[in-house]
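Chemist: dropping the sequence and predicted coords here.
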Amino acid sequence: MQLRAEELGRHLSRSLASLYVIHGDEPLQSLEAADAIRFAARGKGYAEREVLTVERSFDWNQLLVSGASLSLFSSKKLIELRIPGGKPGTDGAAAIVEFCSELAPDVLTIVTLPRLDRRAQDAAWFKALTRDGVLINTFQLERAQLPQWIAGRLARQKQKADRETLQFLADSVEGNLLAAHQEIQKLGLLFPPGELAFDPVCSAVLNVARYDAFKLNEAMLAGDKARLARMLDGLRSEGEAPPKILWVLAEEIRAVAKVQAGMAQGEDLQQLYRNNRVWGGVRQQQVTDAARRLKSAALGQALRHAARIDRTIKGLARGDVWDELLQLCLRFAR
């Protein structure tokens with residue numbers, strides 16, 4: 001069974017599985033999922049808790065022994081297996097497969113993993129976990145999902161806000177749900193239940209957004225000028241390296257150009273996506289829209305602009321690198 005983080009509460013209210021796998025790179029959702037499972041387990045009599053953290057010298061026999069032994073203090077036990085690196089190794093992979101094949105009826109296990117790539121998810125040990133347990137994916141929320149997520153959090157503390165206020169909050173906390181959670185809780189302490197006015201919220205909320213260079217392409221193709229400027233300014237303040245940002249943007253421009261050329265030749269669109277590693281429905285639509293909207297000459301000019309920025313980064317040409325990066329992005333926003 002596979003669940004989204006927001007579906008876990010409904011599931012736990014109906015049943016409790018013997019194995020849960022929390023998989024993803026979003027800290028707040030991972031913490032809350034583990035807390036919810038622990039709370040449900042305590043209510044079902046799982047009184048003893050054992051935490052196993054996989055480090056370099058970890059003995060995988062501990063997992064097998066813990067799963068087989070009964071609790072000294074109760075008839076039910078909770079085991080938490082944390083694999084921060086996401087790589088159990090040969091011994092660990094074998095131990096996990098064996099552990100999953102003999103799940104004890106009075107032992108509940110929570111396995112916590114970072115977000116794994118496709119190759120790791122195809123490994124036998126991960127498939128054993130997801131076959132025998134409940135998989136909870138805790139991935140970063142997309143920018144478009146943030147206003148609704150914030151509205152849901154406000155509703156928990158009997159508050160609500162209009163669209164403009166929700167958009168402002170989303171801009172202020174993008175990419176940083178832990179800090180977003182704290183800011184929303186602060187609003188619950190500062191203001192009474194009911195409708196939140198924009199101006200007081202604007203004064204109270206800190207800008208705690210954290211930006212990911214690999215999300216720049218979304219803002220560029222969406223033509224969101226304000227978000228582009230905020231993201232580049234935030235990445236600069238966080239010390240992000242310009243070569244990495246340029247690489248992300250140039251790769252996206254090349255993908256649009258290749259999809260455009262393939263479309264002109266009548267090639268299958270899905271095959272073009274696969275050949276150029278354009279994954280995800282939203283990104284595929286954005287790339288296709290850009291390929292239809294822009295002229296091939298404009299894409300060529302954008303790639304030449306990227307080459308000039310590369311020379312500027314290397315000190316072979318004059319110019320403000322960050323301003324040039326913004327101008328490159330705005331070529332797609334016009």
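Modeler: Structure's in. What do you need? Note that this is a predicted model, so its numbers are computed, not measured.
Chemist: which stretches of the stretch 151-300 of the chain form strands?
Modeler: 159-161, 194-196 (DSSP state E, counting those that start in this stretch).
Chemist: hmm, who's touching stretch 166-181?
Modeler: 26-29, 140-141, 143, 146-147, 150-151, 153, 161, 183-184, 198, 201-202, 205-212, 215, 227, 230 (Cβ atoms under 8 Å, 6 or more residues apart in numbering). (Glycine included, C-beta is placed from N, CA and C.)
Chemist: can you check stretch 198-210 too?
Modeler: Against stretch 198-210 from outside (Cβ under 8 Å, 6+ apart): 161-162, 164-165, 168-169, 171-176, 179-180, 182-183, 186-187, 190-191, 230, 234, 238.
Chemist: in the stretch 1-150 of the chain, which spans are strands?
Modeler: 2-4, 19-24, 48-53, 77-82, 107-113, 134-138.
Chemist: next, format those as TSV and append distance to Asn61, mean neighbour count and mean pLDDT.
Modeler: Output for those, formatted as TSV (distance: least, Cβ to Cβ, whole Å; neighbours: other Cβ atoms under 10 Å; pLDDT from 0 to 100):
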stretch	distance to Asn61	mean neighbour count	mean pLDDT
strand 2-4	30	13	88
strand 19-24	19	23	96
strand 48-53	11	14	92
strand 77-82	13	21	93
strand 107-113	16	24	95
strand 134-138	26	22	95
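Chemist: can you list the ones you listed in TSV and add distance to Ala120?
Modeler: Shown next, in TSV, are the strands of the stretch 1-150 of the chain (distance: least, Cβ to Cβ, whole Å):
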stretch	distance to Ala120
strand 2-4	16
strand 19-24	10
strand 48-53	19
strand 77-82	16
strand 107-113	9
strand 134-138	14
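Chemist: of those strands, which is nearest Asp59?
Modeler: Asp59 lies closest to strand 48-53 among the strands of the stretch 1-150 of the chain, at 9.5 Å (Cβ to Cβ).
Chemist: what's the span of stretch 53-64 from first residue to last?
Modeler: 14 Å (Cα to Cα, to the nearest Å).
Chemist: over to stretch 211-231?
Modeler: Span of stretch 211-231 from end to end, Cα to Cα: 6 Å.
Chemist: number of nearby residues for the nearest residue to Asn217 once chain neighbours are set aside?
Modeler: In space, Asn217 comes closest to Glu252 once its chain neighbours are excluded; the distance is 4.0 Å by Cβ to Cβ, 6 or more residues apart in numbering. Residues lying near Glu252 (other Cβ atoms under 10 Å) number 24.
Chemist: give me the pLDDT for Glu252.
Modeler: Looking at Glu252, its pLDDT stands at 92.
Chemist: hmm, it is touching Leu221, no?
Modeler: Yes: if you go by Cβ atoms under 8 Å, Glu252 and Leu221 touch, sitting 7.0 Å apart.
Chemist: how about the most centrally placed residue in the chain, phi and psi?
Modeler: The centroid of the chain falls nearest to Gln140 when counting by Cα atoms, centre = their mean (2.2 Å). Per-residue torsions, Gln140: phi -60, psi 140 (degrees, to the nearest 10).
Chemist: can you pull the contacts of it?
Modeler: 25-26, 175, 177, 212.
Chemist: which one of those has the most neighbours?
Modeler: Neighbour max across these (other Cβ under 10 Å) = Leu177, 24 neighbours.
Chemist: on the pLDDT front, check it for me.
Modeler: pLDDT, read off for Leu177, is 90.
Chemist: in helices, which of the contacts of stretch 166-181 fall?
Modeler: 27-29, 146-147, 150-151, 153, 183-184, 198, 201-202, 227, 230 (DSSP state H).
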